Structure formats: structure tokens, C-alpha cells
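following is a predicted model, sequence given first.
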Amino acid sequence: MAEPQAVTPSKRLTGEQWLLLLCLLALTALAWLLLLRMARDMSAPGGMADVAMAGMLMPWSLSDALLMFVMWVVMMIGMMLPSALPMLLIYQQMLRKRMPAPQRHLALLLFCSAYVLVWAGFALGATALQWALEQLALLSPGMRSTSTALGAGLLLVAGVYQWLPGKAVCLEHCRGPLHFLLSYWRPDVLGGWRMGLAHGAYCVGCCWALMGLLFVVGVMNLLWVAVIGAFILLEKNLPQGLWLSRLCGGLLLGWSLWLLLG
């Protein structure tokens, strides 16, 4: 593996970086528009929420499962792409110095695709968990926990994880795009795929417990989806990100105790 020389990221975006930024922002906006449409359709008369409200607990059909999986994938794109922007912009800048245009465009596309694929794998697990909770009658029609113990347990797990070394390690890799790229650099086009998988794995390792909060506040509660996404963005980019993460962990532990004692 050929290691790249350290580079100092330019503060001025190139034309290619502006194009990448606009494309990723457009994709994020599209994901949020789809989420709004899905939330409206699910709450419409005859939708899944309406059926659940009537007390008709039924096994999911294949189309139901596919809809939920697509919903989770779109949600992950809408929540996580903004926090991945610094990494993608710096990677594009490094590729510009090392590959001709066709190859670097493909490497960047493979990096993004691998990153999304990792989160799609997480979405598949979240869909399976949602199905299991619904079959156990632990979720309301609004897809939020109906069990105090379950809600408190999810908050407890998320709060404790914010203080664990594994969280700090994953967060450090996400907070330091240049350090990650220099450490995991692969020089060829397929290197973009391998690096995207690695970055996606660290990103899931950093944020998976926070995603469990959606089962507490409501999976399709888009206000909370936005709040969690904004927190992840700040956690990864503010200089005090690690302490912000631990402060959040303390608040989640307090919330968990409040549920149990209240």
C-alpha cells in the first residue's frame, strides 16, 4: 500500500468540490422530501399506522418489509450524509492530486456507494428489530415504544455507550477526515470502495446507539430525526465534540432514570 504524503486541505473549494457539495446536498434534500412523503402516506387513512390503530396486528407482507427497509435507508441518508461531507470533500481533494479525472470520479463514487451500503446494512438490522418489536406489541402505531422498560433500556444503552472507549475511538476517526484518509489510504480506484466501507463501519460504530432513540420517540417522528441528525453533525465537527457526546450521554442516562422512576 502506497501511503500518500500529508496534505493541508485548502480552505477554498474547487469547482469539482462545489459540484460534489451541491450533489450531496441535493441528495440529502431529496431524502428528506421522501421521508416527509412516507410519513404522510403511513399516517393517511388505510396506511400502516391506521391499520395498527385499529388493533389489527398482522405479520408484515413482503411489500411492508420492503417499505420499512427503504424508509430506514432513506432516513440514514438524510441523517448521515451531512456529517460525511468534510470527509468526502477532503477525499476528493486528495484524489485530484493523484488520479486523472475518470479514475478519481469512479473512486469517489465507489467510496460514497460503500458508505451508503454499510448504512443500508444497518437499516436492514433496524428493520428486523422494528418487525420483532411490533410482533411483540412493544411499538405503538406511531412506531414508538409502549414499554417503559424498553424505552428506559434503549436510553440507558445509548447513554452508557456515549462514555465507552469504543465510542471515542469511532468518533475520533469520524472527526479526523485527514487522519483517517492517511491511515487507511488505498491508491487504486477500488481503494475508494475499501475506504468507504471502513469509514462507514466507523460511522455506524459511532452512531448506532443514538439511532435506537428513534424507537423511544417514534421512528417517523421527523422532528427527532432532525434533532439526532443535527447532534451527530455537531458531535463530529465541533472541537468539543467528545465532551458534547459525553454530555449527551449524561442527559440520556438521566432521561432513562426519569422514565423508570416516573
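Thanks, I have it.

contacts, neighbours, all on C-alpha from now
OK.

tell me how far residue 258 lies from residue 252.
Applying CA to CA, to the nearest Å, the value for residue 258 to residue 252 is 10 Å.

actually residue 97, not the one I typed
With CA to CA as the criterion, residue 97 and residue 252 are 44 Å apart.

who has more neighbours, those two?
Neighbour count, other CA atoms under 10 Å: between residue 97 and residue 252, residue 252 has more, with 23 against 10.

shouldn't residue 190 be in contact with residue 109?
No - counting by CA atoms under 8 Å, residue 109 is not a contact partner of residue 190; they are 10.3 Å apart.

for residue 32, give me its contacts.
By CA atoms under 8 Å, 6 or more residues apart in numbering, the residues touching residue 32 are 74-75, 78.

roughly how far apart are it and residue 228?
For residue 32 relative to residue 228 (CA to CA), the value is 14 Å.

same thing with residue 82?
12 Å.

next: residue 20.
Distance from residue 20 to residue 228, by CA to CA: 24 Å.

repeat that for residue 132.
23 Å.

which of the two has more neighbours?
More crowded of residue 132 and residue 228, by other CA under 10 Å: residue 228, with 19 against 13.

the more buried one reaches residue 210, doesn't it?
Yes - at 7.4 Å, residue 228 counts as touching residue 210 under the criterion of CA under 8 Å.

which strands and helices sit next to the helix or strand hosting residue 105?
Element membership of residue 105 [criterion: DSSP states H and E] is helix 101-135. Contact analysis of helix 101-135 by 3 or more CA pairs under 8 Å, 6 or more residues apart in numbering; DSSP states H and E lists helix 62-96, helix 189-211 as its packing neighbours.

rounded mean pLDDT for it, please.
Confidence over helix 101-135 (mean pLDDT, whole number) is 94.

buried ones in it?
Residues of helix 101-135 classed as buried: 103-105, 107-120, 122-124, 126-127, 130-131, 133-134 (neighbour count, 16 or more other CA atoms under 10 Å).

do stretch 212-222 as well
212-220, 222.

now that stretch: how far from the chain's centre is it?
13 Å (CA atoms, centre = their mean, to the nearest Å).

now swap in stretch 200-211 and tell me
7 Å.

element containing the closest residue to residue 205 other than its chain neighbours?
The shortest distance from residue 205 to any non-neighbouring residue, by CA to CA, 6 or more residues apart in numbering, is to residue 170 (5.9 Å). Per DSSP H and E: residue 170 is located in helix 165-175.

please name the nearest non-neighbouring residue to residue 202.
residue 170 (5.0 Å).

right, and that neighbour touches residue 203 too?
Yes - counting by CA under 8 Å, residue 170 does reach residue 203; the two are 6.7 Å apart.

common neighbours of those two, please.
Joint contacts of residue 170 and residue 203 (CA under 8 Å, 6+ apart) do not exist.

more crowded one of these two?
Taking other CA under 10 Å, residue 170 and residue 203 do not tie; residue 203 has more neighbours (24 against 18).

I'd say that one and residue 176 touch.
No - taking contacts as CA under 8 Å, residue 203 lies outside contact range of residue 176: 11.9 Å.

tell me the contacts of the residue nearest to residue 202?
202-203, 205-206.

what do you get for residue 246?
Contact analysis of residue 246 by CA under 8 Å, 6+ apart lists 162-163.

again, 10 Å this time
159-164, 167-168, 235, 252 (CA atoms under 10 Å, 6 or more residues apart in numbering).

switch these over to a markdown table; also include distance to residue 147 and pLDDT.
Listed next are the contacts of residue 246 as a markdown table, based on distance: CA to CA, whole Å; pLDDT from 0 to 100:
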| residue | distance to residue 147 | pLDDT |
| --- | --- | --- |
| 159 | 18 | 97 |
| 160 | 20 | 97 |
| 161 | 21 | 97 |
| 162 | 23 | 97 |
| 163 | 25 | 97 |
| 164 | 26 | 96 |
| 167 | 27 | 96 |
| 168 | 30 | 95 |
| 235 | 29 | 94 |
| 252 | 17 | 97 |
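
no further queries at this time; thank you.
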